[in-house]
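[1] Kindly generate the corresponding structure for this input.
(one chain, ligands or ions: 2)
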Amino acid sequence: MRHFLTLKDFTKEEILEIVETGLSIKKNLKAKIYNQELKNQTLAMVFEKSSTRTRVSFETGMFQLGGHALFLSNRDIHLGRGEPVKDTARVISGMCDMVMIRTFEHSMIEEFARYSSVPVINGLTDSYHPVQLLADYMTLVEYGMDKNIVAAYVGDGNNMTHSWMMLAAKLGFELRIATPKGYEPDSRVLEDALTIAKESGAVIKVMNDPKEAVSGATVVTTDTWVSMGQEEEKEERVKTFEGFMVDDAMMSLAQKDARFLHCLPAYRGLEVSEELFEKHSEIVFSEAENRLHAQKGLMVWLDKNRGD
Ligand code: CP
Ligand code: NVA
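    Ligands and ions are numbered 1, 2, ... in the order given. Take a look at the predicted model:
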């Protein structure tokens, strides 16, 4: 049985297989052929943070695959009142077939997975957001942008950055990350990514100049400067991140046909300008829709690889 906690635990071939599975289920759905691989199965969705896309995509995806999804916010279950993670894991996995968790500390989801008898999916932690990268990569495939990727990530060295680093490391493409000083990605994640990159041929660079990162890139991406749980740092962050907004001037340094991606929600006038965002809104909202399709691929893949 496999859990999906970070892309680090998956090979390049497995990542591509998951995305391919999602694309094939998407093609079927568009042709009104309804895959039912998860008929009678239940996905428990534990949310300790807010969500629009993750909740809607997992719940809809599970329903479309013939299953059922349970929305469990920490206000509703005893986890939020101090019931131990390991007990919650044993109870939920005793009744449900798969679990998706959105939480703060990555160690919480690791502990949950250790005690869970069913696959656990990371729906975002402070450290990683791997399901988003499945959708991002699927979108690049659909737009014919998945060859010779030179990606530039501009902004905060956060969970999205770490997941981009793992995707680049596994698939073997170039990723330049530009953050303000003091907001670089976690050095342990960088070390891991660079170790994996040695085998795959990926080039991963961390810098403090967004222009240098974007120059010649085929894909430019960013994320909020204030992640969930950092609300109190907003004022300070907005000041520090001055000069890191992706706008037309910044994008003009990338390749002529470069694409912009954003995991959403987007904060116009901060990490991205309104104008640039709207110019690239078609691909950005395809990226959002692909959360549904990529995660259906993931759930079917995890179910197939249960080993029972
Ligand atoms: N991108 C993303 O995960 O969005 P939500 O926070 O709305 O789920
Ligand atoms: N980095 C953001 C991603 C939101 C999808 C956060 O953690 O809030």
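
[2] what ranges do the helices span in the stretch 151-300 of the chain?
    159-171, 187-200, 210-214, 234-240, 248-251, 274-279, 281-304 (DSSP state H, counting those that start in this stretch).

[3] any idea which of those is most buried?
    Highest mean neighbour count among these (mean count of other Cβ atoms under 10 Å): helix 159-171, with a mean of 26. Placement of C-beta: from N, CA and C, glycine included.

[4] Is any residue of that helix near ligand 2?
    Yes. Under the criterion of Cβ under 6 Å from any ligand atom, ligand 2 is reached by helix 159-171 at 159-160.

[5] Is it possible to get the helices of the stretch 151-300 of the chain out as CSV so that each row also shows distance to ligand 1?
    Conversion of those to CSV gives the following (distance: least, Cβ to the nearest ligand atom, whole Å):
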stretch, distance to ligand 1
helix 159-171, 8
helix 187-200, 19
helix 210-214, 21
helix 234-240, 17
helix 248-251, 21
helix 274-279, 15
helix 281-304, 7
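
[6] can you list the residues of this protein near ligand 1?
    Near ligand 1, when you scan the chain using Cβ under 6 Å from any ligand atom, you find 51-54, 124, 132, 263-264.

[7] For stretch 98-116, list the C-alpha coordinates in PDB.
    Coordinates of each C-alpha in stretch 98-116 appear next as PDB, following Å, rounded to 0.1, in the frame of the first residue of the first chain:
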ATOM      1  CA  MET A  98      -8.800   6.400   1.600                       C
ATOM      2  CA  VAL A  99      -8.000   9.600   3.500                       C
ATOM      3  CA  MET A 100      -7.000  13.000   2.300                       C
ATOM      4  CA  ILE A 101      -5.600  15.500   4.900                       C
ATOM      5  CA  ARG A 102      -4.900  19.200   4.800                       C
ATOM      6  CA  THR A 103      -3.000  20.300   7.900                       C
ATOM      7  CA  PHE A 104      -0.200  22.400   9.300                       C
ATOM      8  CA  GLU A 105       2.800  20.300  10.300                       C
ATOM      9  CA  HIS A 106       4.000  17.800   7.800                       C
ATOM     10  CA  SER A 107       4.800  15.400  10.700                       C
ATOM     11  CA  MET A 108       1.100  15.200  11.500                       C
ATOM     12  CA  ILE A 109       0.300  13.600   8.200                       C
ATOM     13  CA  GLU A 110       3.300  11.300   8.500                       C
ATOM     14  CA  GLU A 111       2.100  10.100  11.900                       C
ATOM     15  CA  PHE A 112      -1.400   9.700  10.500                       C
ATOM     16  CA  ALA A 113       0.000   7.600   7.600                       C
ATOM     17  CA  ARG A 114       2.000   5.400  10.000                       C
ATOM     18  CA  TYR A 115      -1.200   4.400  11.800                       C
ATOM     19  CA  SER A 116      -3.600   4.300   8.800                       C
END
